[in-house]
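Chemist: Quick one, fold the following:
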Amino acid sequence: MSEGEVGSIDAGPVRHGFQEVGELRLHRLHVGDDAEGGRGSAPPLVCIHGVTGHAWMWLETARAMGRPVVAVDMRGHGDSQWSGSRSYRTDDHVADLSGVLDALGFDQVDLAGSSWGGLVALAYAAANPDRVRALALVDLEPSFEQGETDLFPRPRSFTTHAEAREWERQNNPHAPDSMVEVMAAFGTRPAPGGGLERKHDPYFFERWPFRSDDRWDELRGLKLPVLVAHAEQTWVRGEVADRMAAETGDGRVVHLKDSGHLIPVEQPMVLAQTLRDFLGEG
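Modeler: Numbers count the residues shown, from 1 in each chain. So this is what the prediction gives:
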């Protein structure tokens, strides 16, 4: 790719959807043919990103699934509306997810959540056991030793697209070039006065509310198949991933090599095959 060139992104077939839940307009992506419903007897697969992420991070995983997938932008992220009251607790996102699924008319879904999105998926499944067939928890721990404001520095803006791309490459070293381009292009927008800014509420530069979560009891109470996908190059501890799978009634764990924390970005095809095997479609 030449200096200053922005790579071509093959995003099809993708449709955009918006839904008002409460006072917020929430955005989602429908990936694959007939993305309103499941294929055959399988329910739709619904995917949820983590903090400072966006629905597009699931693009290549979703396209490789061979079934309809819906990826949502959580409130305050991507093309979903920000909360003026900064209501960003995990339970706020769970209520949003419930509203979106109700509006789409999905009686039952498979859920996959990455990091904070996994906590949202876990909490939704615990509260709605009849509406979730299977749950995939992608690189997360159910509780935290760090506080809500114990964050690491990250850039708020970029001068050029190439700068945004380089930041994504450094943070996702195993990712295919196509996903680095997706993360840089769809994770930023033009900033007032020039340059590019991150496409999420600046609140998340200050605080990560999920750090106060403790979802172990909800995990132990699940009565459905649970996949725990763990990246081997991540802050998530392998022994915690093993414990998560062991403490569910029907859990299994997979440790994925050559991946950091954002598995859908760094190893989208491996994750897709792992999900297909787990969901009985491999």
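
Chemist: ok, the spatially most central residue of the chain - contacts?
Modeler: Of all residues in the chain, the one closest to the mean position by C-alpha atoms, centre = their mean is residue 49, 1.6 Å from it. Contact partners of residue 49, counting by C-beta atoms under 8 Å, 6 or more residues apart in numbering, are 55, 57-58, 71-74, 77-78, 114-117, 264. No exception for glycine: its C-beta is placed from N, CA and C like everyone else's.

Chemist: Going by distance to residue 234, which of those residues wins?
Modeler: When the contacts of residue 49 are compared for distance to residue 234 (C-beta to C-beta), residue 115 wins out at 9.6 Å.

Chemist: Export stretch 55-62 to CSV, keeping only CA atoms.
Modeler: These are the backbone C-alpha positions of stretch 55-62, laid out as CSV (Å, rounded to 0.1, in the frame of the first residue of the first chain):
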residue,chain,number,x,y,z
ALA,A,55,-19.6,-3.7,15.6
TRP,A,56,-17.2,-3.7,12.6
MET,A,57,-14.6,-5.6,14.6
TRP,A,58,-16.8,-8.8,14.0
LEU,A,59,-16.8,-8.3,10.2
GLU,A,60,-14.5,-11.1,9.0
THR,A,61,-15.6,-13.5,11.7
ALA,A,62,-19.2,-12.9,10.8
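
Chemist: Return the members of the contacts of residue 49 classed as buried.
Modeler: 55, 57-58, 71-74, 77-78, 114-117, 264 (16 or more other C-beta atoms under 10 Å).

Chemist: so residue 69 touches residue 28, yeah?
Modeler: No - at 10.3 Å, residue 69 and residue 28 do not qualify as touching, with contact defined as C-beta atoms under 8 Å.

Chemist: who's more crowded, these two?
Modeler: residue 69 (26 against 23; other C-beta atoms under 10 Å).

Chemist: what about the nearest residue to the more buried one once chain neighbours are set aside, which SS state?
Modeler: Closest residue to residue 69 apart from its sequence neighbours, by C-beta to C-beta, 6 or more residues apart in numbering: residue 62 at 3.8 Å. For residue 62, the reduced secondary structure class is helix; criterion used: DSSP: H, G, I helix; E, B strand; the rest coil.

Chemist: same check, this time on residue 112
Modeler: Classified using three-state DSSP, residue 112 is strand.

Chemist: Helices of the stretch 51-200 of the chain, start to end?
Modeler: For the stretch 51-200 of the chain, the helices defined by DSSP state H, counting those that start in this stretch cover 59-63, 90-104, 116-127, 161-171, 177-186.

Chemist: right, so of the ones you listed, which gets closest to residue 260?
Modeler: With C-beta to C-beta as the criterion, residue 260 lies closest to helix 161-171 of the helices of the stretch 51-200 of the chain, at 7.5 Å.

Chemist: The closest one - contacts with which helices or strands?
Modeler: helix 177-186 (3 or more C-beta pairs under 8 Å, 6 or more residues apart in numbering; DSSP states H and E).

Chemist: just to revisit the earlier point, report the separation between the residue nearest to the centre of the chain and residue 147.
Modeler: Using C-beta to C-beta, to the nearest Å, residue 49 is found at 22 Å from residue 147.

Chemist: Show only the entries of the buried ones among the contacts of residue 49 found in strands.
Modeler: Using DSSP state E, the subset of the buried ones among the contacts of residue 49 located in strands is 71-72, 114.

Chemist: Export those residues as JSON lines, with columns for distance to residue 94 and pLDDT.
Modeler: Listed next are these as JSON lines, based on distance: C-beta to C-beta, whole Å; pLDDT from 0 to 100:
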{"residue": "71", "distance to residue 94": "17", "pLDDT": "98"}
{"residue": "72", "distance to residue 94": "12", "pLDDT": "98"}
{"residue": "114", "distance to residue 94": "16", "pLDDT": "98"}
